[in-house]
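**Student:** need coordinates for the following:
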Amino acid sequence: MNTSGIDRLIGKEVQGTLIHESKELDKGRDKCLGFLIDRIFASYKPLDFPAPDQLTVPLKAIRFRDDSLRQKFSAYSETSHVPLYDAQNRCWNWPLHATHEPAEAPAGEPAVLHLKKNFACFLNTVSSAIKERSVNHSASRYWVADWSERIMPSACSNELERKPDLVLLEHGAVPHDEVSWGSLKVIAEHTSKSYTNATNMVKTLDTTAGLILVEQPWRRFVLALSFANLELRVHFYDRSGGSVSPPFHLHSDPEAFVYVIAAVTLGCRSCIGFDRTVEITSVDPLRRLSIKPETSTPSALADDTFTHNAVIVPTATSPVLPHVPNAGSSCPDDQKVIGIIWVRDVAYEILKILFSSTEILGKGTVCYLGRRNGVVFVIKDHWVVRSPEYEAEMLSLVQGIDGVPTLHDSWQVEVEDRIVDNTSRYRAEKERAAMKDIRTHVRLVTTPHARPLAHFHDKKELLKCVRDILRMRPSVAMSSTVTAVSVIA
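**Tutor:** This is a model prediction of the structure:
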């Protein structure tokens, strides 16, 4: 898939869903970061958070210096601590603007890459200075610009030609040469253009955020930062669409800039969109992305795939699910555990991801093969528009009928105790009317686990499956008010 193709695909999904927050005073405060930032970073409350002019670093940490900085610090040794922010002149002691010329790039390094590395170094230096001045920081993340001039690897497709300017990684999470869309924490784009003139940058953020949601479908949301003409904006993407924060100028509004950088690099994982009720290690890709011509027949899986001409296309390199001998509820004890997922206060080992939606907006369905006390379950994690209890209620009405899975548990996922994860939480009340839909995060636990119908071994086995389905339909249709289509279709 070429760059314009994926841009068009994701652009159609997010079109009309982005909400741009205005910068307003809030309850008499001099500074207001906006509803979005206040909500997503609510758990980030460090003690003794420093003011920008309190941040100091050894002079040698300011690796990029223009003539004015060399003159300003000419009397200091390289080990002397100097301020990062100049409160008197209201500017950072770093050559940030495009008119500043940092030291010459190393031989063979493109000038654009050198500028991106300069900005990544600045963000990392600010983050380190914050960490030195405040306490209770357990996270350790860092910015890199290495992929601004080379394609970021994708587990979904080797044809996604995307080069994000800056990416935030976790120290020690994966080797540097194995970084892919599946290991990114936050992305950022940097340009000297104004935000209104940087339409390509905004499209890039939409696309790259979408790719992260596809390859990390267990996330609640994805964050991206844009730095356009030294103005910072926070971009937020979830299953209902996106929001963009008010702008904050790096020089004239340093408090907001410092807080945002601290929250994404030093805050807990929930600040950057991870779900505290699921922990995933590395997983194998489940699908490859492709685009069909406009005249192609719509995919039969349209409700759980890209809704605009995207389908799951098997290829010679597509993974094949291993054969499951039967529909029993046992599993080898030595099968690799790839994560943990909670339903209420009950933890299940994750053995495999059975299915993962390729849509950005919508249900975002992920089906896990889970195990608890030696018993195997299927855990369906998705975002629903209608009543959160609807699917569980439908299954409850047909329990005991052959061919219908047994409902073991259902739960509306909580972001905090007794606070349900709902996409409306991240929009101000006055902006919720503009949302295309409001979705609630729900998990269902069922048993047993069967293999897909398409994985039959011979014609006889396939015919038996079809026979069992036909036998089941009358039983389901006669059960209460539930139709056969409700369960089987």
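**Student:** excluding sequence neighbours, find me the nearest residue to His244.
**Tutor:** Just so we're on the same page, residue 244 is Val rather than His. With CB to CB, 6 or more residues apart in numbering as the measure, His20 is the residue that lies nearest to Val244, at 4.8 Å, once sequence neighbours are left out. Heads up, the C-betas are built off the backbone N, CA and C, glycines and all.
**Student:** mind giving me the packing neighbours of the helix or strand hosting Arg371?
**Tutor:** If you go by DSSP states H and E, Arg371 is part of strand 366-372. Packing contacts for strand 366-372, counted by 3 or more CB pairs under 8 Å, 6 or more residues apart in numbering; DSSP states H and E, involve strand 346-356, strand 375-384.
**Student:** parallel or antiparallel, list what pairs with that strand.
**Tutor:** If you go by DSSP bridges, strand 366-372 pairs up with strand 346-356 (antiparallel), strand 375-384 (antiparallel).
**Student:** so which of the ones you listed is the most surrounded?
**Tutor:** Each of the strands paired with strand 366-372 was assessed for mean neighbour count using mean count of other CB atoms under 10 Å. The highest is strand 375-384, with a mean of 21.
**Student:** show me the contact partners of the lengthiest helix in the chain.
**Tutor:** Determined from DSSP state H, the single longest helix within the chain is helix 111-133. Residues outside helix 111-133 that contact it (CB atoms under 8 Å, 6 or more residues apart in numbering) are 48-50, 54-57, 61-64, 84, 92, 94-96, 102, 105-106, 137, 141-145, 148-149, 165-166, 190, 227, 258, 261-262, 265-266.
**Student:** what's the first helix or strand after the one helix or strand in the chain whose mean pLDDT sits lowest?
**Tutor:** Each helix and strand of the chain was given a mean pLDDT (mean pLDDT, DSSP states H and E); the minimum falls on strand 310-312 at a mean of 31. Sequence order places strand 339-343 as the next helix or strand after strand 310-312, per DSSP H and E.
**Student:** can you list the strands that that next one pairs with?
**Tutor:** In the sheet, strand 339-343 lines up against strand 278-280 (antiparallel), strand 346-356 (antiparallel) (DSSP bridges).
**Student:** list the buried residues in that strand.
**Tutor:** Gly339, Ile341, Trp342, Val343 (16 or more other CB atoms under 10 Å).
**Student:** now swap in stretch 445-457 and tell me
**Tutor:** Applying 16+ other CB under 10 Å to stretch 445-457 flags Val445, Thr446, Thr447, Pro448, His449, Arg451 as buried.
**Student:** ok, now stretch 251-261?
**Tutor:** Residues His251, Asp253, Pro254, Ala256, Phe257, Val258, Tyr259, Val260, Ile261 are the ones in stretch 251-261 that count as buried (16+ other CB under 10 Å).
**Student:** stretch 229-240 now?
**Tutor:** Asn229, Leu230, Glu231, Leu232, Arg233, Val234, His235, Phe236, Tyr237, Asp238, Arg239, Ser240.
**Student:** out of the residues you listed, which are inside strands?
**Tutor:** Judged by DSSP state E, strands contain the following of the buried residues of stretch 229-240: Glu231, Leu232, Arg233, Val234, His235, Phe236, Tyr237, Asp238.
**Student:** could you identify the most distant pair in those residues?
**Tutor:** Across these, no pair lies farther apart than Glu231 and Asp238, at 23.4 Å, counting by CB to CB.
**Student:** what segments of the stretch 1-150 of the chain are strands?
**Tutor:** If you assign secondary structure with DSSP state E, counting those that start in this stretch, the strands in the stretch 1-150 of the chain sit at 18-20, 56-58, 81-83, 85-86, 91-92, 141-144.
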